[in-house]
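K.L.:
here's my sequence, what's the structure:
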Amino acid sequence: MVLQTERLLLRRWEAADAEDLYEYAKDPAVGPIAGWPPHQSIDESREVIKNVFSGAQAYAICLKSDNRAIGAIELILMGRSDLAEREDECELGYWLGKPFWGQGIMPEAAREMLCHAFEDLGMRKVWCAYYDGNLKSKRVQEKVGFKYQWTTQGVDVPLMHEKRTGHVNCMTREEWEER
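P.N.:
Residues are numbered from 1 along each chain as shown. As a prediction, this is how the structure comes out:
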């Protein structure tokens, strides 16, 4: 399945995306703030595509102009999410390559994924979270209409071997329909 917005294609990841993924995921400004270390090689990026971006609702964010992967967005379904407690709940996760920050790309992609979650998948609730200090992620969630739920101290961030403060937001189907 391919989802489209005015500027973007959201499509399934392919093995051929490994070079593009590595180009943006190796940047230390991108992964660590989201809870994962910078990629060290194209082979590592290839493994991430195969093993991490393999979820049923995992998409590469691509500009329509060239179809190259510049980020990732996923509706993380129950069983893979720490937040979703029912089949009709999921968690939105995302990141974007640094050259594309500040252009409204992530809110555009997130709105399309929320539309997909509520209208195509029949979700009643979508969760989203960010770690303390990740102001860009916080801002995306505010822009698309997520509502603050709670803050947790000492959240385990296994890939970074540390604990952080996490902030959790949520959007219900009713809130989506009101927008």
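K.L.:
what about the nearest residue to residue 40 once chain neighbours are set aside, distance to residue 48?
P.N.:
Spatial nearest neighbour of residue 40, chain neighbours left out: residue 26 (7.3 Å); criterion: C-beta to C-beta, 6 or more residues apart in numbering. Using the backbone N, CA and C atoms, a C-beta is placed for each residue, glycine as well. As defined by C-beta to C-beta, to the nearest Å, residue 26 lies at a distance of 12 Å from residue 48.
K.L.:
tell me the contacts of the residue nearest to residue 40?
P.N.:
By C-beta atoms under 8 Å, 6 or more residues apart in numbering, the contact list for residue 26 reads 38-40.
K.L.:
residue 128 is in contact with residue 170, correct?
P.N.:
Yes - with contact taken as C-beta atoms under 8 Å, residue 170 and residue 128 are classed as touching, separated by 7.3 Å.
K.L.:
list the residues that contact both of those two?
P.N.:
Residues within reach of residue 170 and of residue 128 at once, by C-beta under 8 Å, 6+ apart, are residue 146.
K.L.:
so which of the two has more stuff around it?
P.N.:
Summary of the neighbour comparison: residue 170 and residue 128, criterion other C-beta atoms under 10 Å, with residue 128 having more neighbours (25 against 19).
K.L.:
per-residue pLDDT, that one?
P.N.:
With respect to pLDDT, residue 128 scores 98.
K.L.:
that's a helix at it, yeah?
P.N.:
No - with DSSP: H, G, I helix; E, B strand; the rest coil as the criterion, residue 128 is strand rather than part of a helix.
K.L.:
what about residue 147, distance to residue 125?
P.N.:
Between residue 147 and residue 125 the distance, using C-beta to C-beta, works out to 11 Å.
K.L.:
try residue 6
P.N.:
Counting by C-beta to C-beta, the separation of residue 6 from residue 125 is 27 Å.
K.L.:
more neighbours, these two?
P.N.:
Counted by other C-beta under 10 Å, residue 6 and residue 125 do not tie: residue 125 has more neighbours, with 21 against 7.
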